[in-house]
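Enquirer: Show me the folded form of this:
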Amino acid sequence: MSDEIPFDKTTEPAGQLVELSPLVRRLIAGNAGPMTFTGTCSYVVGRGQVAIIDPGPDDPDHVARLLEAVSGETVSHIVVTHTHRDHSPAVRAIRAATGAQIVGCGPHRAARELSLGEQNPLDAAADRGYRPDHAMRDGDVITGPGWSLAAVETPGHTANHLAFTLAEEESLFSGDHVMAWSTSVIAPPDGSMAAFMQSIEKLQGLHHQRYWPGHGGPVLEPQRFLRGLVQHRRQREAAILSRIGAGDETIAVMVPAIYRGLSPRLHGAAALSVLAQIEMLVADGTLRCSDPAPLLSSRYRLA
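Expert: Okay, here's the model as predicted:
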């Protein structure tokens, strides 16, 4: 974890509606865990006629609290950043209660398939039942009284990940692409490190005062934070090359050495992040792979 990243692990408890700005309110779902921090952040944007961003997991209690939060208002849009089960499944219940249009990312899709039948241990996280009324593309905009949300395509964490600019407050709803509490998990084949780094570079070319992420509190220094993320990934790349140079050939051997102190139950996610990094190193010719394409089970050596 790079000292260059100004991590902030503070946020309010789940279940409390908090007014963050004149246009933004937040309600955190009760799904805290090692991959979700204190829970998924659902956002209400606007006043009177509103949009709900990332309504969260299929949790009746959280849905009920969200509906109570917008009681007396019209929900025109339910906006989804990406199709993980902690972000999108509640769209069905919210739409049934409000009649709102489901917009945002397209249906779940993998960036590519893992070959030789290898499975992604995090594949169960995908919400394959999600179907939007309108799949937004880069630059598409939805509006309401006094607010607008413009889609920014940010693949990497997932192939279909979108962020959304709230121009009226110079803010970005960054989903799980950039979070203040931790770096994002990049898990092939849905996740792609190459796409993630390209999306980071894209955000470095945009101007926002703050990010509202999918978990945890705001990113208050976006450009500094993005620079830290780039440095963190470079450090991880260097660690992988160091382990391979020392004789480690498999990801399973590398993970405990690279992620010292990490709970063994998170080694599967860490292995996928290492695989994502290795995919880039094989593609640019830095590493050689024992298989036609990099796999969790492949053997690796320096080129």
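
Enquirer: how about the strands in the stretch 101-250 of the chain?
Expert: Using DSSP state E, counting those that start in this stretch, the strands of the stretch 101-250 of the chain run over 101-104, 134-135, 141-144, 147-153, 162-166, 171-175, 210-213.

Enquirer: of all those strands, which lies closest to Gln16?
Expert: Ranking the strands of the stretch 101-250 of the chain by proximity to Gln16 (C-beta to C-beta) places strand 210-213 first, at 15.9 Å. In this view, the C-beta of every residue, glycine as well, is placed from N, C-alpha and C.

Enquirer: Report all helices and strands that that closest one contacts.
Expert: strand 41-45, strand 171-175, helix 222-245 (3 or more C-beta pairs under 8 Å, 6 or more residues apart in numbering; DSSP states H and E).

Enquirer: Could you say which one of the strands of the stretch 101-250 of the chain comes nearest to Glu221?
Expert: Nearest of those (C-beta to C-beta): strand 210-213, 8.6 Å.

Enquirer: Ile244 and Gln198: what is the separation?
Expert: 24 Å (C-beta to C-beta, to the nearest Å).

Enquirer: which one of those two has more residues nearby?
Expert: Set Ile244 next to Gln198 and count neighbours by other C-beta atoms under 10 Å: Ile244 wins out with 22 against 13.

Enquirer: So the more buried one sits against Tyr300, correct?
Expert: Yes - using C-beta atoms under 8 Å, Ile244 makes contact with Tyr300 at a distance of 5.7 Å.

Enquirer: and Val36, what does it touch?
Expert: That one is not Val; residue 36 is Thr. Taking C-beta atoms under 8 Å, 6 or more residues apart in numbering as the contact definition, Thr36 lies against 86, 215.

Enquirer: Quick check: it vs Ala187, distance?
Expert: 15 Å.

Enquirer: likewise Leu23?
Expert: Distance from Leu23 to Ala187, by C-beta to C-beta: 33 Å.

Enquirer: And Gly245, by the same measure?
Expert: 25 Å.

Enquirer: quick one, which of these two is more surrounded?
Expert: Neighbours were counted for Gly245 and for Ala187 using other C-beta under 10 Å; Ala187 has more, 23 against 10.

Enquirer: what about Leu17, how many neighbours?
Expert: 16.

Enquirer: I'd say it and Val24 touch.
Expert: No - with contacts counted by C-beta under 8 Å, Leu17 stays clear of Val24, the gap being 11.3 Å.

Enquirer: so what's in contact with the two at the same time?
Expert: Val44.

Enquirer: shaky segments in this protein?
Expert: Residues of the chain that meet the criterion pLDDT under 70 lie in 1-11, 110-124.

Enquirer: rerun at 50
Expert: 1-3, 114-118 (pLDDT under 50).

Enquirer: check contacts around the spatially most central residue of it.
Expert: In the chain, the C-alpha nearest the mean C-alpha coordinate belongs to Asp176, at 2.0 Å (C-alpha atoms, centre = their mean). Residues near Asp176 by C-beta under 8 Å, 6+ apart: 81-82, 84, 87, 157-158, 161, 184-185, 213-215.

Enquirer: Closest to Thr143 out of the residues you listed?
Expert: Closest to Thr143, out of all of these and judged by C-beta to C-beta, is Thr81, at 18.2 Å.

Enquirer: ok, so what distance separates that closest one from Ala283?
Expert: 27 Å.

Enquirer: of these two, who's got more company?
Expert: Thr81 (27 against 13).

Enquirer: Pull the contacting residues for the more buried one.
Expert: So Thr81 contacts 53-54, 87, 104-105, 161-164, 173, 175-177, 214 (C-beta under 8 Å, 6+ apart).

Enquirer: mind running it again at 7 Å?
Expert: 54, 87, 104-105, 161-163, 173, 175, 214 (C-beta atoms under 7 Å, 6 or more residues apart in numbering).

Enquirer: do the same with Val91
Expert: 55, 78, 80, 102, 130.

Enquirer: Most neighbours of all these, which one?
Expert: Neighbour max across these (other C-beta under 10 Å) = Pro55, 31 neighbours.

Enquirer: before we move on, what SS does that residue have?
Expert: coil (DSSP: H, G, I helix; E, B strand; the rest coil).

Enquirer: Adjust the sequence numbering to begin at 4 for everything that follows.
Expert: In the new count, where the first residue is 4, that last one comes out as Pro58.

Enquirer: ok, it touching Ile81?
Expert: Yes - counting by C-beta atoms under 7 Å, Pro58 touches Ile81, with 6.0 Å between them.
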